[in-house]
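>>> dropping a prediction and its sequence here:
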Amino acid sequence: MKSFTYERAQSPAAAAAAAARHPDAKFIAGGTNLLDLMKLEIETPAHLIDVNGLALDKIEPTQEGGLRIGALVRNTDLAADARVRRDYAVLSRALLAGASGQLRNKATTAGNLLQRTRCPYFYDTNQPCNKRKPGSGCAAIGGFSRQHAIVGASDACIATHPSDMAVAMRALDAAVETVRPNGATRTIPIAEFHRLPGNTPHVETALSPGELITAVTLPKPTGGVQIYRKVRDRASYAFALVSVAAIVQRDGTGHVALGGVAHKPWRLESADAQLPRGAKAVTAELLSGAKPTRENAFKLPLVERTLGAVLTEAKG
Amino acid sequence: MKFETPATTNPIDALKIVGKPFGRIDGPLKTTGKAPYAYERHDVVSNPAYGYVVGSAIAKGRIARIDLAAAKAAPGVRAIVTADNAGQLGKGERNTAKLLGGPEIEHYHQAIALVVADTFEQARAAAELLRVDYTKAEGAFDLAAVKGTGEPRPLFGGPADTALGDFSSAFAAAPVQLDATYTTPDQAHAMMEPHASIAAWDGDKLTLWTSNQMIAWGVTDIAKTLGIAKENVRLVSPFVGGGFGGKLFVRSDALLAALGARAVGRPVKVALQRPLMFNNTTHRPATIQRIRIGANRDGKITAIGHEEWSGNLPGGRPEGAVSQTRLLYAGANRMTATRLAALDLAEGNAMRAPGEASGMMALEIAIDEMAEKLGIDPIEFRILNDTQNDPERPARPFSQRQLTECFRTGAERFGWSKRDPRPGRVRDGRWMIGIGAAAAFRSNLLVKSAARVRLDRAGIVTVETDMTDIGTGSYTIIAQTAAEMMGVPLEKVVVRLGDSSFPVSSGSGGQFGGNNSTAGVYAACVKLREAIAQKLGFNSAEAEFADGEVRAGNRRVPLAQAAADGGLTAEDGIEYGDLDKKYQQSTFGAHFVEVGVDSATAEIRVRRMLAVCAAGRILNPKTARSQIIGAMTMGVGAALMEELVVDKRAGFFVNHDLAAYEVPVHADIPHQDMIFLDETDPVSSPMKAKGVAELGICGVAAAVANAIYNATGVRVREYPITLDKLLEQMPDVG
Ligand SMILES: Cc1cc2nc3c(=O)[nH]c(=O)nc-3n(C[C@H](O)[C@H](O)[C@H](O)COP(=O)(O)OP(=O)(O)OC[C@H]3O[C@@H](n4cnc5c(N)ncnc54)[C@H](O)[C@@H]3O)c2cc1C
Ligand code: SF4
């Protein structure tokens, strides 16, 4: 770990402004991802801005009838919130499928969105990795790629985004509220928040330098049966091989987002439109153009089968 | 004490304390955080410097240049140890690759430097400043690709190859045949406590507080590596946070701590960083196994052949996966063969039940496959081919062998009769349900073991032996043995372990620790009893030691009185004659597993487990049960998830942390049931006990595999059995 300076931010705008003053700064929330990466010198911030003291830890109703989730709401608290459990059950279920109780007690809403990939080569600083060291190559291509992406990947990077929470948020059409160093705020739809790797896999989100997440908003509840199904080798405490977040209405319409298949939570509105026609049709649309590796080609049938089971369950 | 003829009645048979389910006497120390583990010996070492290990970034080649300047100039750095400046170093007898590499690199993450600084954080930060240029060399990393170059190598406890009768002809002539190949992957010990050591020099004398299973081996190998006299090395390892064979040998933490401490003239502590542990230390090597079985239609095996291929660094050992096939099932025509190829991955070595754990993973699937071909119940098929004699040397009987009883007892308890032999027939909602069984088999090893026992004025009996407790319960069973022998309650016994200044024990490994170390304590206690009897004027043959007294006829004297004018000490050990030549000593069991396989995703979850074991006298049913259920858990890991994934281009295990190398978590392990059959084995030792800790893992993975087959009809022969290997053959989702 490189030595770093540290400050506690006094307000969201001040935090963003501080980040602009220190080009090598990072915000730290729960620290459950950032600290691990700093110990391995995968992340090497020269300055840490601790955002834990900011009053961003509330879940409040929005004027539109939805919910605003503060950036610092802990995963445990979010999953347990009665309104979330009632109206956005897929989010609660996704959170509880992630990490462990101890980690969820620390992990925050913003930190979870921004957690980095679990590609094992990303974690080994001896290995080439375009995400960690742009231009060095991608060891996962032609290497151990069982966990990796099957859609939306590039020749530069085939990593997946590991978050469960973000997959549910994508299905729920959440939006990310931020403040920039100049004090300006904006709202980024979750669909545009995470990026595909392209030639710049180290650039993972739409955030600009120093931009701080203040909240995630959820639209007015849409009802429906809400399911989160996470498939993994071990029964708990493992990242998804694939996951399905589904919101299915009585008439068979709904939303489906996938985890474990791409560099971002994977949802296509054109695939949602196929929902009444069943899992095969939805999967065909969602995974059209998929380019799996030999080691992760199983994810294609797995997505279809998992989605099939989810849709059967949704019918009750 | 020489143990040359089967044991007759002895004081242990009273079973007042031995054989009772006492809780661990060291339990409170552990649960209150007071047990002194190696890295936290604040009680004996103050102000240590911290070492951080740097591992090689390449698998094979040379260090062309190493630039220490920036790291040396970093805050707090006291020294950097490399092969260049460490002086002449030898190599331990039990190490294959050097513990400090350079300029030659033998495997990925081989240690090439230790950065020593005032704090751990400073050492870690400075370690990243080392600049190393390598010249890479081609290496062999793919077992399947180099298998053909394998050469015969003896395995632990036997020759490379064995043969009896005419296997080829008998197999060719057999009306029912199986010829199948199975693979097991490289596996990591993945114990909780990493390898860790604190080293301190006093002149030319070295003390290492370390985490090691075999103290005497460690002393010898550290001395040999450093080129110093054995007498100048002291190893202390009273608590070990898991080892599973990974701590049988001294590793780089110990050597580098010693070199670092010498360089800075101050104690140095080193714990291997978790990401280094998978490629820097040893692992269970992968195997390819071909099994051929021929049988008559009545189910009698006429030919059985088992061939193994594994790989290792030059000079390393084979896994030994054929060893159980030499002993488990009858059959007049037999062959086994062991081939070892050179690989440039990290060193392969012992992990819990080396050989048998891997071999049983394959053999016990093959037996099920054969039973199916024959149309015989897989348990009945095993029982049909059970034997009471060493199948390769039929004149040599097993000392005890209750394999059939294990199966019968287990089948009854588990409800085997309710199993539908046709695969894929049983459903519970979305789950496809299957039941499987497998034999458990692991041999019992006799290793000499010594101890020192002292009686003091207060009537306290203190046992000292360099035996280790790696979480197994050694403290407790040793205390029980001494208490039984000396006729005192457990609270009157103090056990001190894991110090090379104590008499040399068997150590912990190969499930030999329990029986042998207690037998050594027994021997020392017999000697102490004689000294006490003499001191108190009793005839030692008649004296009874009970309730804190020595008694004979109507004379009774408090035990402590023998030490009234100073303590009495006795030292002795157990040594064995040829009872293990005359008899085959093994432990047996039967595993039963029920799994559910998700009909859509093919996720596999274990639902019920049972093990029935026959393993001699059970010295403490509670600690022994813990060993078995822990081993069953590890077997589930081997079946369903554990695999060190080889990057065959760069030559290393890619998933080198505990996020990526998955072992079972609580949610993976359902209710585990286990039964010990009543057994005493007078041939094994005066304790009449045998090992249990490794028996428990042998066969579990195959029982899981057989249950998966029963659930789905999909036969997977490559471990681990993950959902991707089932998916294609799963039924359509409704
Ligand atoms: C062993 C293990 C298993 C796990 N398993 C799972 C799993 O199964 N599923 C899953 O989804 N997750 C899993 N996780 C990941 C876990 O969910 C994340 O580590 C956690 O959500 C990160 O939140 P944090 O608050 O600790 O983030 P931090 O570590 O504090 O920060 C992460 C990143 O977010 C940035 N950041 C934090 N707050 C803000 C903000 N307000 N604005 C802008 N940037 C910000 C930081 O600068 C940093 O780059 C696992 C983690 C571990 C260690
Ligand atoms: S897949 Fe992405 S994260 Fe993994 S090695 Fe390639 S570039 Fe790095």
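Structure received. Ligands and ions are numbered 1, 2, ... in the order given.

>>> please make it C-alpha for all contacts and neighbour counts, starting now.
OK.

>>> helices or strands up against the helix ranked longest in chain A?
In chain A, taking DSSP state H as the definition, the longest helix is helix A:299-315. Applying 3 or more CA pairs under 8 Å, 6 or more residues apart in numbering or on different chains; DSSP states H and E, one finds that helix A:299-315 contacts strand A:225-231, strand A:242-248, helix A:279-286.

>>> got the contact list for residue 278?
Here I'm looking at chain A. With contact taken as CA atoms under 8 Å, 6 or more residues apart in numbering or on different chains, residue A:278 is in contact with A:308, A:311.

>>> um, chain B though
With contact taken as CA under 8 Å, 6+ apart, residue B:278 is in contact with B:188, B:653, B:656-657.

>>> what of residue B:386?
Applying CA under 8 Å, 6+ apart to residue B:386 gives the contacts B:328-330, B:403-404.

>>> okay if I get the helices and strands packed on helix A:299-315 as a markdown table plus distance to residue B:102 and mean pLDDT?
Listed next are the helices and strands packed on helix A:299-315 as a markdown table, based on distance: least, CA to CA, whole Å; pLDDT from 0 to 100:
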| stretch | distance to residue B:102 | mean pLDDT |
| --- | --- | --- |
| strand A:225-231 | 44 | 98 |
| strand A:242-248 | 43 | 98 |
| helix A:279-286 | 51 | 98 |
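
>>> could you single out the most deeply buried of those?
Of the helices and strands packed on helix A:299-315, the one with the most neighbours on average (mean count of other CA atoms under 10 Å in any protein chain shown) is strand A:242-248, at a mean of 28.

>>> pretty sure residue B:518 is touching residue B:481, no?
Yes - applying CA atoms under 8 Å as the test, residue B:518 and residue B:481 come out as touching, 6.4 Å apart.

>>> which of the two has more neighbours?
For residue B:518 versus residue B:481, neighbours defined as other CA atoms under 10 Å in any protein chain shown are more numerous around residue B:518 (31 against 28).

>>> state the pLDDT value of the more buried one.
The per-residue pLDDT reported for residue B:518 equals 98.

>>> so how far is residue B:621 from it?
15 Å (CA to CA, to the nearest Å).

>>> measure stretch A:128-145 end to end?
Distance between the boundary residues of stretch A:128-145 (CA to CA) amounts to 14 Å.

>>> what of stretch A:50-64?
End-to-end for stretch A:50-64, by CA to CA: 31 Å.

>>> which of the residues in that stretch are buried?
For stretch A:50-64, the neighbour count (16 or more other CA atoms under 10 Å in any protein chain shown) marks A:50-52, A:54, A:56-59, A:61 as buried.

>>> okay, and which of those residues map to strands?
Per DSSP state E, strands hold the following members of the buried residues of stretch A:50-64: A:50, A:59, A:61.

>>> hang on, isn't residue B:631 packed against residue B:697?
Yes - with contact defined as CA under 8 Å, residue B:631 and residue B:697 form a contacting pair (4.5 Å).

>>> more neighbours, the two?
residue B:697 (32 against 22).

>>> re earlier: list just the nearest of the ones in strands among the buried residues of stretch A:50-64 to residue B:14.
Nearest to residue B:14 among these, counting by CA to CA, is residue A:50 at 65.6 Å.

>>> what's across from that closest one in the sheet?
Going by DSSP bridges, residue A:50 is paired in beta bridges with residue A:8, residue A:28.

>>> tell me which residues touch it, please.
Taking CA under 8 Å, 6+ apart as the contact definition, residue A:50 lies against A:6-9, A:27-29.

>>> okay, the residues you listed in CSV with distance to residue B:639 next?
Listed next are these as CSV, based on distance: CA to CA, whole Å:
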residue, distance to residue B:639
A:6, 46
A:7, 48
A:8, 48
A:9, 49
A:27, 42
A:28, 39
A:29, 38
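
>>> any idea what the closest residue to residue B:487 other than its chain neighbours is bridged to?
Closest residue to residue B:487 apart from its sequence neighbours, by CA to CA, 6 or more residues apart in numbering or on different chains: residue B:546 at 3.8 Å. Per DSSP bridges, the residues bridged to residue B:546 are residue B:549.

>>> residue B:546 contacts residue B:482, doesn't it?
No - judged on CA under 8 Å, residue B:546 makes no contact with residue B:482 at a distance of 11.9 Å.

>>> quick one: which of the two has more around it?
For residue B:546 versus residue B:482, neighbours defined as other CA under 10 Å are more numerous around residue B:482 (31 against 19).

>>> ok, the more buried one touching residue B:523?
No - assessed by CA under 8 Å, residue B:482 is found out of contact with residue B:523, at 10.0 Å.

>>> how about the strands in chain A?
So, for chain A - with DSSP E - the strands run A:5-8, A:25-28, A:47-50, A:59-61, A:67-70, A:175-179, A:185-189, A:212-218, A:225-231, A:242-248, A:254-259.

>>> can you lay out the ones you listed as TSV showing distance to ligand 1?
Formatted as TSV, the strands of chain A follow (distance: least, CA to the nearest ligand atom, whole Å):
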stretch	distance to ligand 1
strand A:5-8	13
strand A:25-28	4
strand A:47-50	8
strand A:59-61	15
strand A:67-70	9
strand A:175-179	8
strand A:185-189	13
strand A:212-218	4
strand A:225-231	9
strand A:242-248	10
strand A:254-259	10
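
>>> of those strands, which is nearest residue A:162?
Nearest to residue A:162 among these is strand A:254-259; the distance by CA to CA comes to 7.4 Å.

>>> next, the angle helix A:279-286 makes with the closest one.
Calculated by axes from the mean of the first three to the mean of the last three CA atoms, to 10 degrees, strand A:254-259 forms an angle of 60 degrees with helix A:279-286.

>>> any bit of strand A:254-259 sitting next to chain B?
No - shown here: strand A:254-259 not in contact with chain B (CA under 8 Å from any CA of the partner chain), separated by at least 14.6 Å.

>>> that strand: how far from the chain's middle?
13 Å (CA atoms, centre = their mean, to the nearest Å).

>>> same for that strand, what does it pack against?
In terms of contacts (3+ CA pairs under 8 Å, 6+ apart), strand A:254-259 is packed against helix A:165-171, strand A:242-248, helix A:269-272.

>>> how about a cut-off of 6 Å?
Using 3 or more CA pairs under 6 Å, 6 or more residues apart in numbering or on different chains; DSSP states H and E, the elements in contact with strand A:254-259 are helix A:165-171, strand A:242-248.

>>> mind listing the helices for the stretch 101-250 of chain A?
Taking DSSP state H, counting those that start in this stretch to define them, one finds helices in the stretch 101-250 of chain A at A:101-106, A:109-114, A:165-171, A:190-193.
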